[in-house]
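**Student:** quick one, structure for this:
(one chain, ligands or ions: 1)
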Amino acid sequence: MSETGKPISRIDGRMKVTGKATYAAEFNQPGMAYAFPVRSTIAKGSVTGIDDAVVKKEPGVLAVISYKNALKLKPLDMAAQMKAGAAFLGENLVPLQDNKIRYTGQFIAVVVAESYEQARAAAYKLKISYAIEKAATDLKTELPKSTKPKVFMGEEAQLNTGRTAAPLAASPHRISHTYSTPVENHHPMEPHATVAVWEGADKLTLYDSTQGVQLTSNIAAYFLGLKPENVRVVAPFVGGGFGSKGLWLHTLLVAMAAKATNRPVKLALTRQMMQTNVGHRAATIQEVAMGTDETGKLTAIRHHTSSYNNLTQFFEPSGKQTKVLYEAPLREITYNVAALNRGTPTFMRAPGEAPGTFALESAIDEMAYELKIDPVEFRVMNHAAKEPITGHEYSSINLVDCYRIGAERFGWSSRKMEPRQTSKGRYLVGHGMATATYPGGRSAASVNVQINDKGEVTVLTASIDIGTGTYTVLAQTASDALGVPVEQIQVKIGDSALPPSPLAGGSQTTASIHPAAMEACKLLRKDLARLAVADPASALNGRNPDELGFADGKLFITGNEKQSDTYIDILKRARKTMMEACATTLPVSGAGLTVPGALCTPANIPAEQNSDIKQYAFHSFGAQFAEVWVDQDLGTIRVKRFTSVQDVGLIMNEKTARSQVIGGVIFGIGAALMEATEYDKRWGNPVVRTLADYHVPVNLDVPAIDVHFIGKPDPHISPIGARGIGEIGITGVSAAIANAVFNATGKRLRDLPLTPDKLV
Ligand code: MOS
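**Tutor:** Below you'll find the predicted structure:
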């Protein structure tokens with residue numbers, strides 16, 4: 001492998017910075033109209049009247065659509081949706097089918113007009129009357145009525161309930177604390193937007209900002225009653241998703257609006273709508289207790305999370321990392337979940353682990369301090385070499401190396417165990433660290449590879465580049481697998497008509513699509529070789545096709561590179577303008593990898609689990625180290641240095657991988673110090689409404705971030721050995737920062753974000 005791993009710059013970078021990369025809202029159509037949604041101002045109840053008389057007379061207005069006149073869509077039916085690959089609607093609500101209100105901000109009507117400004121101005125004039133019911137708007141108020149769900153996404157949600165009480169009580173050293181995390185919003189740079197174009201009565205094209213074109217196609221097709229192959233979803237560029245870009249209701253609304261007006265229609269969400277209508281990370285209250293024996297070996301860990309849901313079964317699974325980290329004879333991981341009338345919680349970068357590592361890794365630091373054991377040493381002492389619950393071997397684990405290398409790079413040995421030992425002027429300086437972890441997922445995927453008679457290669461798959469580097473890394477894989485320079489490789493992704501790929505979520509894209517890309521290149525190379533050896537005009541005539549080498553756009557006799565035949569010549573002599581090969585790979589590491597007869601049509605491949613999961617546990621690991629400076633007068637916290645060491649398998653591109661981790665760490669700094677969405681209890685609406693009050697880190701909040709990769713290939717995730725890297729970077733960051741704040745100040749802050757009011 002010569003290109004794989006290299007820190008090459010994004011092949012789509014120039015298009016992005018010059019504005020040539022086209023995002024969903026930029027797919028303007030001739031005759032296009034604009035939709036603007038009207039949203040509920042009450043949290044629960046029903047709409048009793050919609051007076052559109054004034055609005056209909058507003059300039060440019062084409063339609064006012066509400067439950068009274070909306071297109072009838074298929075109702076919710078989980079079994080049927082599962083069968084159709086349409087289960088993951090962001091919230092289980094079919095828009096504009098009835099007058100019921102489930103949360104403030106719910107779409108209750110949509111105004112379509114000739115221009116965006118006309119639609120927006122008119123939408124604000126729509127008169128709605130409501131029957132108001134008492135809403136559940138506050139987590140703490142609703143917790144007494146909460147339930148204990150049995151399952152979370154197919155897994156047991158209540159583990160060893162009540163069983164840690166006795167061993168904890170008997171432990172000579174123990175701690176028990178409550179940590180809390182606020183609502184967070186994803187806020188990708190590119191707001192959600194969709195352009196809907198009906199190409200006839202039963203055929204639809206959606207230009208949509210989505211993490212999964214085929215997911216969106218399946219869901220839209222299901223509810224609109226169309227064939228999935230008749231709903232083409234196009235998303236060549238997506239400006240971030242972080243879990244918020246599955247299918248949310250605006251995509252169905254705009255399809256309905258386009259049908260009603262018989263025009264192409266664009267709908268772009270405002271930042272305010274993104275606070276509510278595309279999911280959020282729910283707030284959590286987490287109780288963590290643990291005990292150790294006299295030597296500091298853990299005896300039991302208990303992690304209980306209280307959170308909420310609305311309109312789906314999803315709740316924030318903050319106990320996930322507590323299943324994976326640390327050796328302990330017993331662990332209890334439980335949840336209770338309230339129901340709130342609030343926009344629906346969903347997946348957000350490292351769902352579960354992001355807030356969960358704040359609690360667990362703060363508690364581990366508290367336990368280590370109680371024992372007067374260095375927190376790195378405490379973690380090493382209690383390291384779990386096998387997955388604790390299943391007893392499975394990890395497919396690959398180098399976590400102790402992450403701790404050791406991180407400590408070395410960060411200069412951990414000069415840290416003082418006792419707080420308030422180091423200051424610089426009026427700043428107290430502190431050092432803290434935490435463990436990072438996220439599962440290593442992989443799904444089935446298909447990739448088609450084409451080569452033309454100019455030697456140009458095109459790699460095609462429905463995958464999405466949400467800013468992660470998918471374009472670039474696919475070109476690198478194809479370059480190595482075909483022996484063609486990266487500059488001659490084009491990547492076409494982000495179109496549901498292309499060969500099936502999983503959605504760009506769950507940190508699974510790299511592990512899923514690259515084995516298929518490599519396999520497709522291999523098949524194509526074999527076809528080229530077979531043509532060459534059978535051709536008397538080829539220098540390779542009569543040779544064994546399996547014994548040929550390949551590089552620089554040609555096949556050659558191994559050991560005698562001069563005796564060769566170029567791909568271009570092979571195609572030309574065979575009078576072919578193009579050859580192609582497609583491969584579908586299933587998530588297994590060994591034999592039986594490729595599905596014969598390549599399913600390279602946009603069929604719905606079930607997201608089969610890695611068949612090796614019965615034998616191995618697939619997880620990534622890391623160690624996060626932070627230095628903070630705390631202003632003693634103002635209570636402001638600055639992260640001054642950060643080191644992140646990651647064990648994520650083979651690195652496909654040192655530059656894009658590093659950027660992923662940097663992005664994750666910055667996201668973690670935001671969660672630690674500033675991000676929080678507050679709600680008004682009276683009406684259930686977010687009072688934090690824009691990026692002016694939903695604070696995210698800016699350049700001055702972000703120090704130099706030192707990223708190091710272990711880089712050892714995972715021998716079981718795939719023949720390539722790379723695990724996903726999109727989510728692990730955020731995990732452990734807020735705990736490392738909170739632990740550093742304790743080391744600086746002696747104050748233990750257990751409620752995120754760590755704003756100055758909590759310190760002074
Ligand atoms: Mo991620 S939260 O699986 O997009």
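
**Student:** who in the chain is up against the ligand?
**Tutor:** Counting by Cβ under 6 Å from any ligand atom, the chain comes close to the ligand at Gln211, Gly241, Phe242, Gly243, Phe347, Met348, Arg349, Pro351, Gly505, Gly506. All C-beta atoms are positioned from the backbone trio N, CA, C, and that covers glycine.

**Student:** where does the prediction get shaky in the protein?
**Tutor:** Residues of the chain meeting the criterion pLDDT under 70: 1, 589-599, 601-611.

**Student:** closest residue of it to the ligand?
**Tutor:** Gly243 (2.7 Å; Cβ to the nearest ligand atom).

**Student:** residue contacts, that residue?
**Tutor:** His186, Gln211, Gly279, Thr346, Phe347, Met348, Arg349, Pro351, Gly505 (Cβ atoms under 8 Å, 6 or more residues apart in numbering).

**Student:** from Ala475, how far off is it?
**Tutor:** 26 Å (Cβ to Cβ, to the nearest Å).

**Student:** now do Asn560
**Tutor:** From Asn560 to Ala475 the distance is 29 Å (Cβ to Cβ).

**Student:** re earlier: can I have the buried ones of the contacts of Gly243 as a PyMOL selection?
**Tutor:** Paste this into PyMOL to select the buried members of those, with burial taken from 16 or more other Cβ atoms under 10 Å:
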select buried, resi 186+211+279+346+347+348+349+351+505
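
**Student:** just list what the helix or strand Ala516 falls within packs against, helices and strands only.
**Tutor:** Ala516 is part of helix 509-533, with elements assigned from DSSP states H and E. The contact analysis (3 or more Cβ pairs under 8 Å, 6 or more residues apart in numbering; DSSP states H and E) places helix 509-533 against strand 445-452, helix 470-482, strand 548-551, strand 554-557, helix 567-573, strand 578-585.

**Student:** redo these as CSV? Include mean neighbour count.
**Tutor:** Shown next, in CSV, are the helices and strands packed on helix 509-533 (neighbours: other Cβ atoms under 10 Å):
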stretch, mean neighbour count
strand 445-452, 26
helix 470-482, 26
strand 548-551, 18
strand 554-557, 22
helix 567-573, 20
strand 578-585, 21
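
**Student:** how about the strands of the stretch 51-200 of the chain, start to end?
**Tutor:** 61-66, 100-101, 107-113, 127-132, 151-152, 155-156, 173-181, 193-198 (DSSP state E, counting those that start in this stretch).

**Student:** most neighbours per residue, which of those?
**Tutor:** Mean neighbour count, computed with mean count of other Cβ atoms under 10 Å, is highest for strand 107-113 among the strands of the stretch 51-200 of the chain, reaching a mean of 26.

**Student:** in the stretch 301-450 of the chain, which spans are strands?
**Tutor:** Listed in chain order, the strands of the stretch 301-450 of the chain (DSSP E, counting those that start in this stretch) span residues 330-339, 393-394, 423-424, 427-439, 445-452.

**Student:** what does the first one contact?
**Tutor:** Here strand 330-339 makes contact (Cβ under 8 Å, 6+ apart) with 136, 139, 142-143, 145-149, 152, 157-164, 167, 299-310, 315, 317, 319, 322-323, 388-389.

**Student:** next one: stretch 524-538
**Tutor:** So stretch 524-538 is contacted by 449-451, 481-482, 540-546, 548, 550, 555, 565, 567, 569-571, 573-574, 579-581 (Cβ under 8 Å, 6+ apart).

**Student:** do that again at 7 Å, thanks
**Tutor:** Residues outside stretch 524-538 that contact it (Cβ atoms under 7 Å, 6 or more residues apart in numbering) are 449, 451, 482, 540-543, 545, 548, 550, 555, 565, 567, 570, 573-574, 579-581.

**Student:** sorry, back to before: out of the strands of the stretch 301-450 of the chain, flag the one nearest Ala736.
**Tutor:** Among these, the nearest to Ala736 by Cβ to Cβ is strand 427-439 (4.1 Å).

**Student:** are any of the contacts of strand 330-339 buried, and which?
**Tutor:** Of the contacts of strand 330-339, these count as buried by 16+ other Cβ under 10 Å: 136, 139, 142, 146, 152, 157-159, 164, 167, 299-310, 315, 317, 319, 322-323, 388-389.

**Student:** quick revisit: how about the helices and strands packed on helix 509-533 in CSV, adding distance to Ser413?
**Tutor:** Formatted as CSV, the helices and strands packed on helix 509-533 follow (distance: least, Cβ to Cβ, whole Å):
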stretch, distance to Ser413
strand 445-452, 45
helix 470-482, 36
strand 548-551, 47
strand 554-557, 53
helix 567-573, 55
strand 578-585, 45
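
**Student:** returning to that earlier point: show me which pair in the contacts of Gly243 is furthest apart.
**Tutor:** Distance extremes for the contacts of Gly243: the farthest pair is Gln211 and Pro351 at 13.2 Å, using Cβ to Cβ.
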